[in-house]
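A.B. asks: just coords:
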């Protein structure tokens, strides 16, 4: 069920809403394809982490941040990479990648790429 989106109520632009709906629609196929490629959880996916001296990947919209406090500026410093796998189209992969860039990975406390081995 898709609800109407009102950017005045929830501070997201229409492009971000459309991205979220497209990524959600692709979720069942995406998860299946990633699991078949032996990526069982988010911890199995490759990721890049940038230091605080580097430019951030993206600024997470305030409504998407886990901790919506004054100290959080929304800088995305962790990028989870959706790999090319059989059964996942380029369009689905791109949609998932864009969606994952809106997730507040840093506040989810994912271990760094160096701490996790596949």
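C.D. replies: Noted; the coordinates are in hand. Everything numeric here is computed off the predicted structure, so don't read it as measured data.
A.B. asks: ok, residue 64 - contacts?
C.D. replies: Contact partners of residue 64, counting by C-beta atoms under 8 Å, 6 or more residues apart in numbering, are 12, 102, 103, 104. The C-beta positions use only the backbone N, C-alpha and C, and glycine is treated the same way.
A.B. asks: switch to 7 Å and redo it
C.D. replies: Residues in contact with residue 64, defined by C-beta atoms under 7 Å, 6 or more residues apart in numbering, are 102, 104.
A.B. asks: got the confidence number for it?
C.D. replies: At residue 64, the model reports a pLDDT of 73.
A.B. asks: ok, now how distant is the most centrally placed residue in the chain from residue 76?
C.D. replies: Central residue of the chain (C-alpha atoms, centre = their mean): residue 100, 1.2 Å from the mean position. Per C-beta to C-beta, to the nearest Å, residue 100 is found 10 Å from residue 76.
A.B. asks: which elements pack onto the helix or strand bottoming out on mean pLDDT in the chain?
C.D. replies: Within the chain, no helix or strand scores below strand 75-76, which has a mean of 72 by mean pLDDT, DSSP states H and E. Packed against strand 75-76 by the contact rule (3 or more C-beta pairs under 7 Å, 6 or more residues apart in numbering; DSSP states H and E) you find strand 58-59.
A.B. asks: tell me the contacts of residue 108?
C.D. replies: When contacts are counted by C-beta under 7 Å, 6+ apart, residue 108 touches residue 66.
A.B. asks: now with 10 Å, please.
C.D. replies: Residues in contact with residue 108 (C-beta atoms under 10 Å, 6 or more residues apart in numbering) are 42, 66, 78, 80.
A.B. asks: same check, this time on residue 40
C.D. replies: Applying C-beta under 10 Å, 6+ apart to residue 40 gives the contacts residue 34.
A.B. asks: so, low pLDDT: which residues of the protein?
C.D. replies: Counting by pLDDT under 70, the chain has low-confidence residues at 1-11, 56-57, 67-72, 106-107, 110-118.
A.B. asks: now do the strands in it.
C.D. replies: Taking DSSP state E as the test, the strands found in the chain are 47-49, 58-59, 75-76, 78-80.
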